[in-house]
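K.L.:
Curious how this folds, go ahead:
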Amino acid sequence: MISIKSALAKPFAKRIYNKIQKWANNPIKTQEKVFEDIIKKGAKTVFGNDHNFTKIRSHKDFVKYVPIRDYEGIKPYVERVVKGEKDILWKGKPLYFAKTSGTTSGVKYIPITKPSIEAQVKASRNAILLYINETGNTKFVDGKMIFLQGSPEMTKKNGIYIGRLSGISAHYVPKYLQSNRLPSWETNCIEDWETKVNSIVDETLNEDMTVIAGIPSWVQMYFEKLQEKMGKKVGDIFKNFNLFIYGGVNYEPYRAKFENLIGRKVDSIELYPASEGFFAFQDKQNDKGMLLQLDSGIFYEFVKADEFFNENPKRITIKDVEVGVNYVMIISTNAGLWAYNVGDTVEFTSIKPYKIIVSGRIKHFISAFGEHVIGKEVEQAMQDAIKDTDVSVTEFTVAPQITPDNGLPYHEWFIEFENEPKDMSSFAKKIDESLQTQNTYYFDLISGKVLQPLKIKKVQKGGFKDYMKTIGKLGGQNKIPRLSNDRKIVEAFSHLSSTK
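P.N.:
Purely as a prediction, here's the structure:
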């Protein structure tokens with residue numbers, strides 16, 4: 001028998017799909033409207049006054065008066081908001097600060113306003129509704145759903161709540177899903193990640209779990225603990241589990257491992273949320289590109305990644321982007337972030353409609369020898385190497401080895417295998433060949449005998465988890481960078497790895 005919730009889901013999904021098509025089919029006008037709206041409101045703020053918002057009539061004016069900033073650049077304004085001042089970056093005070101840990105800035109406080117949190121919630125809801133509209137699958141709405149996230153507990157300072165983004169979002173679960181939601185509030189508030197996951201296992205073991213969501217690396221830990229406790233595949237424990245929702249990292253390196261843990265293939269939806277805004281979500285099952293959210297109070301600019309560190313890099317809007325180019329994404333939002341560098345690089349897979357994939361981080365690359373290798377390339381190389389094999393990888397990261405004991409320098413891949421290759425040299429060769437095919441600079445350096453082919457260091461099982469624990473970042477929304485231009489991260493693995 002079909003429940004009322006399930007019966008209502010399809011017509012509601014169709015209505016939302018039609019609304020999204022309206023702005024997706026009018027992208028330029030949609031973004032122009034967002035731009036005009038946020039500039040008009042921003043003009044009444046301290047930031048707007050400091051940056052001549054009343055003179056801004058076009059994107060060209062905006063570029064003239066508002067330089068690109070990262071968190072360090074906007075920090076003096078944020079600090080005034082934290083102290084309780086009003087109308088600094090946006091009208092009034094923000095409802096929340098999403099507290100995140102930056103690599104250079106220490107703790108970061110990202111403002112979240114009423115319209116920006118509403119846009120976040122709407123986008124995550126719409127991702128599921130577009131899945132329903134495409135597949136017709138509504139069975140999962142009656143089962144239990146879980147999102148592995150940070151604690152929803154918050155502190156309050158000068159009238160503003162402070163917490164993690166995932167914890168803030170937990171306060172906005174729609175009423176019609178409250179009875180479906182797990183884990184309990186008490187379990188969600190547990191700070192120690194391993195204790196929390198054990199508690200989640202106990203709470204969900206006998207439930208009809210239909211939707212599971214979270215960053216793949218931490219969901220994997222949950223699945224492994226379930227299997228350890230029950231001695232069964234996750235798909236046999238949760239017979240109606242058929243939808244995995246994820247974000248934060250590329251799922252592909254985890255897919256084979258997940259299908260093995262689950263015991264079957266399940267549908268998946270990729271999301272691209274951040275404290276600064278909900279930027280995109282996957283709207284088609286057979287299309288890895290994510291639909292850029294153009295109607296969510298976010299105005300987007302893009303700078304070609306290989307020009308970003310030039311003195312005056314060219315800033316363009318969606319009107320001028322090209323498919324297949326690696327861009328740094330710059331945002332201005334209805335939470336008071338202006339020409340803000342999120343730090344991510346994206347690549348457009350389509351411009352009708354506008355769809356993107358996340359290609360990496362502008363700070364996460366290897367160019368110790370001028371090779372300009374990015375996250376997307378190392379992930380694709382790993383994917384190519386494990387394709388059509390029984391090799392399964394738990395986690396990996398890459399760093400340059402500039403001063404080897406002997407021979408030419410090389411890229412060093414630190415890999416934790418679930419199921420390792422029978423021939424490690426052949427496996428390394430496959431990765432290296434894929435990287436050379438994707439990146440002409442890397443190809444030239446290998447063929448010109450500036451670099452030798454990459455080398456693999458095996459990380460012992462649990463090594464990445466142990467590393468994250470030692471730096472106090474186990475679980476939640478934390479993830480390890482796929483690559484670095486120095487050896488700060490991999491030095492910590494010296495006792496967790498062995499050359500093979």
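K.L.:
Report the contact partners of Ala280.
P.N.:
Contacts for Ala280 (CB atoms under 8 Å, 6 or more residues apart in numbering) come out as 271-272, 290-293, 355-356. From N, CA and C alone the C-beta is placed, and that goes for glycine too.
K.L.:
and Ser332, helix, strand or coil?
P.N.:
Under DSSP: H, G, I helix; E, B strand; the rest coil, Ser332 falls in the strand class.
K.L.:
who does it bridge with?
P.N.:
Phe299 (DSSP bridges).
K.L.:
if I pick it, what's in contact with it?
P.N.:
35, 38, 62, 66, 298-299, 301, 338-340 are the contacts of Ser332 under CB under 8 Å, 6+ apart.
K.L.:
on that earlier part again, okay, and which of the contacts of Ala280 map to strands?
P.N.:
271-272, 290-292, 355-356 (DSSP state E).
K.L.:
Can you give me the end-to-end span of stretch 307-319?
P.N.:
Taking CA to CA, to the nearest Å, the first and last residues of stretch 307-319 lie 19 Å apart.
K.L.:
Contacts for that stretch next, please.
P.N.:
Under CB under 8 Å, 6+ apart, the answer for stretch 307-319 is 27-28, 31, 59, 63, 68, 292, 294, 300-304, 328, 330, 339, 351, 354, 362.
K.L.:
I'd like to know which of the residues you listed are buried.
P.N.:
Restricting the contacts of stretch 307-319 to buried positions leaves 27, 31, 59, 63, 68, 292, 294, 300-304, 328, 330, 339, 354, 362, with burial counted as 16 or more other CB atoms under 10 Å.
K.L.:
circling back to that earlier point, most neighbours of all the contacts of Ser332, which one?
P.N.:
When neighbours are counted by other CB atoms under 10 Å, Trp338 leads the contacts of Ser332 with 28 neighbours.
K.L.:
circling back: now the two most distant members of the ones in strands among the contacts of Ala280.
P.N.:
Leu271 and Lys355 (13.6 Å; CB to CB).
K.L.:
Pull up the overlap in contacts between these two.
P.N.:
By CB under 8 Å, 6+ apart, the residues touching both Leu271 and Lys355 are 280, 290.
K.L.:
Just say helix, strand or coil for Val201.
P.N.:
Going by three-state DSSP: Val201 is helix.
K.L.:
thought it was touching Lys229?
P.N.:
Yes: if you go by CB atoms under 8 Å, Val201 and Lys229 touch, sitting 6.1 Å apart.
K.L.:
Looking at these two, which has the bigger crowd around it?
P.N.:
Neighbours were counted for Val201 and for Lys229 using other CB under 10 Å; Val201 has more, 20 against 13.
K.L.:
Distance of the closest residue to that one other than its chain neighbours relative to Tyr410?
P.N.:
Nearest residue to Val201 in three dimensions, chain neighbours excluded: Lys225, at 5.0 Å (CB to CB, 6 or more residues apart in numbering). Look at Lys225 and Tyr410: by CB to CB, to the nearest Å, they are 37 Å apart.
K.L.:
where does the chain dip in pLDDT?
P.N.:
1-4, 101-106, 174-178, 473-478, 493-500 (pLDDT under 70).
K.L.:
In terms of position in space, what residue lies nearest the middle of it?
P.N.:
Gly248 (2.6 Å; CA atoms, centre = their mean).
K.L.:
next one: phi and psi at it?
P.N.:
Here is the backbone geometry of Gly248 (degrees, to the nearest 10): phi 100, psi -40.
K.L.:
So what are the sheet partners of the helix or strand Glu416 falls within and their directions?
P.N.:
Secondary structure from DSSP states H and E places Glu416 in strand 410-419. When pairing is defined by DSSP bridges, strand 410-419 lines up against strand 392-401 (antiparallel), strand 455-459 (parallel).
K.L.:
Okay, buried residues for it please.
P.N.:
So, applying 16+ other CB under 10 Å, buried residues of strand 410-419: 410-418.
K.L.:
Contacts for the longest strand along the chain, please.
P.N.:
Criterion DSSP E: the longest strand present in the chain is strand 340-351. For strand 340-351, contacts defined as CB under 8 Å, 6+ apart pick out 68-70, 74, 274, 276, 287-289, 302, 305, 318, 321-333, 354-363, 374-376.
K.L.:
before we move on, the earlier item: closest one of the contacts of Ala280 to Ser392?
P.N.:
Scanning these for proximity to Ser392, where the rule is CB to CB, the winner is Leu271, at 24.2 Å.
K.L.:
what's near enough to touch the residue nearest to the closest one when sequence neighbours are not counted?
P.N.:
Leaving aside its chain neighbours, Leu271 sits nearest to Gly247 (3.9 Å; criterion: CB to CB, 6+ apart). Residues near Gly247 by CB under 8 Å, 6+ apart: 215, 270-273.
K.L.:
Kindly recompute the last result at 10 Å.
P.N.:
124, 127, 213-216, 269-274, 278, 280-282, 290, 358, 477 (CB atoms under 10 Å, 6 or more residues apart in numbering).
K.L.:
On the three-state scheme, Lys314 is what?
P.N.:
Per three-state DSSP, Lys314 ends up coil.
K.L.:
Neighbours of it, how many?
P.N.:
Neighbours of Lys314 using other CB under 10 Å come to 12.
K.L.:
Phi first, then psi, for it.
P.N.:
According to degrees, to the nearest 10, Lys314 has phi -70, psi 130.
K.L.:
I'd like to know how far it sits from Asp320.
P.N.:
Relative to Asp320, and taking CB to CB, Lys314 is found at 9 Å.
K.L.:
what's the answer for Thr349, then?
P.N.:
For Thr349 relative to Asp320 (CB to CB), the value is 17 Å.
K.L.:
Looking at those two, which is more packed in?
P.N.:
Neighbour count, other CB under 10 Å: between Thr349 and Asp320, Thr349 has more, with 15 against 9.
K.L.:
Quick check: nearest residue in space to that one, chain neighbours excluded?
P.N.:
Gly289 (3.5 Å).
K.L.:
List the contacts of the one you found.
P.N.:
270, 280, 282-283, 323, 347-350, 353-357.
K.L.:
Quick one, which of those residues are buried?
P.N.:
Using 16+ other CB under 10 Å, the buried ones in the contacts of Gly289 are 270, 280, 282-283, 347-348, 353-357.
K.L.:
Redo those as CSV? Include distance to Pro404.
P.N.:
Shown next, in CSV, are the buried ones among the contacts of Gly289 (distance: CB to CB, whole Å):
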residue, distance to Pro404
Glu270, 37
Ala280, 40
Gln282, 41
Asp283, 46
Glu347, 32
Phe348, 38
Pro353, 47
Tyr354, 44
Lys355, 41
Ile356, 37
Ile357, 34
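K.L.:
Out of these, which two sit at the greatest distance?
P.N.:
Counting by CB to CB, the most remote pair of the buried ones among the contacts of Gly289 is Asp283 and Glu347, 17.1 Å apart.
K.L.:
residue ranges of the helices in the stretch 101-250 of the chain, please?
P.N.:
114-135, 165-169, 175-178, 185-188, 193-204, 216-230, 234-237 (DSSP state H, counting those that start in this stretch).
K.L.:
out of these, which comes closest to Lys455?
P.N.:
helix 216-230 (23.8 Å).
K.L.:
Please give the centre-to-centre distance between the closest one and its chain.
P.N.:
21 Å (CA atoms, centre = their mean, to the nearest Å).
K.L.:
Kindly report the same for stretch 396-405.
P.N.:
Worked out by CA atoms, centre = their mean, stretch 396-405 lies 26 Å from the chain centre.
K.L.:
buried stuff in that stretch?
P.N.:
396-401.
K.L.:
how about TSV for these, with distance to Leu454 added?
P.N.:
Listed next are these as TSV, based on distance: CB to CB, whole Å:
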residue	distance to Leu454
Phe396	12
Thr397	13
Val398	8
Ala399	11
Pro400	10
Gln401	9
